[in-house]
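Participant: predicted model and sequence follow; I will ask about them next.
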Amino acid sequence: MAKPNDSDPATRDAGESREAMVMDALDEAMQLVRYSTRQGIPVERQIVKDLIIDSKNLTDANRTTDQEATFWENYGRLASAVHPVTIDSIRDCTKAGGKDPKSKKCARIYTFSTLATLALLIVLQIYWIVGNNHTVDIESTQVELIKSEAEVNTLNQRLAIMKTTIRLAEENLALEEKPTDQNNFKVQETRGRSQSSKPNHGGCQL
């Protein structure tokens, strides 16, 4: 079986990538140790001791695969000890490269969204109050109009009754005056007849 050639570009790139991955993992492990110490998260002393030894072994150019395997085992034990804290959550809560952490950005977005929603609710509440007042005014006006129409209808009915009463009174007066005229005519007619029926004493008798 042929041994890998270190001069091969593909082999060299894979080795450099693996070396970078191991160094990144070592840095992450040290960050977890520092975080657990600051936050008072209990971690077994042996785990910390083993990781310190691993950090020395991994920086040695002549490290063995057993030493690297031991580091990965210790890194896994440390991750289980500080769970649910992860290296990603630590990075999100700390500044990186002078930039604000993601947690602060999320908090700002959440605060802005909350304030915008609150402002929108206040505006909608104001519009609702104004619209409700206008609605109440319109309903009150409609009630007044209905009352006014009812009063007008009542007055019209009363006027109609008064007109009917006046008309009936005039008809009664007219009926009372007509018999009087007829009686006067009859009296005059009776007088004329009585005068014509009297004997004429001044005439000649045969």
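Facilitator: Cool, got the structure.
Participant: tell me which residues of stretch 69-87 come out buried.
Facilitator: Buried residues in stretch 69-87, defined by neighbour count with 16 or more other CB atoms under 10 Å: 70-71, 74-75, 78, 81-82, 85, 87. To be clear about C-beta, it is placed using only N, CA and C from the backbone, and glycine gets the same treatment.
Participant: which one of these is nearest to Arg167?
Facilitator: Nearest to Arg167 among the buried residues of stretch 69-87 is Val85, at 103.5 Å by CB to CB.
Participant: geometric centre of the chain: which residue is closest?
Facilitator: Taking CA atoms, centre = their mean, the centroid of the chain lies closest to Leu121, which sits 6.0 Å from it.
Participant: distance check, that one against Leu115.
Facilitator: Distance check for Leu121 against Leu115: by CB to CB, to the nearest Å, it reads 11 Å.
Participant: then Met162?
Facilitator: Per CB to CB, Met162 is found 70 Å from Leu115.
Participant: the helices in the protein, which residues?
Facilitator: Ranges of helices in the chain, per DSSP state H, are 9-39, 45-58, 65-82, 87-92, 102-196.
Participant: dump those to a markdown table, plus mean pLDDT.
Facilitator: Below are these laid out as a markdown table (pLDDT from 0 to 100):
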| stretch | mean pLDDT |
| --- | --- |
| helix 9-39 | 77 |
| helix 45-58 | 84 |
| helix 65-82 | 86 |
| helix 87-92 | 77 |
| helix 102-196 | 79 |
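Participant: what's the neighbour count on Ser55?
Facilitator: Neighbourhood size, Ser55 [other CB atoms under 10 Å]: 15.
Participant: again, but for Leu51
Facilitator: Using other CB under 10 Å, Leu51 has 21 other residues around it.
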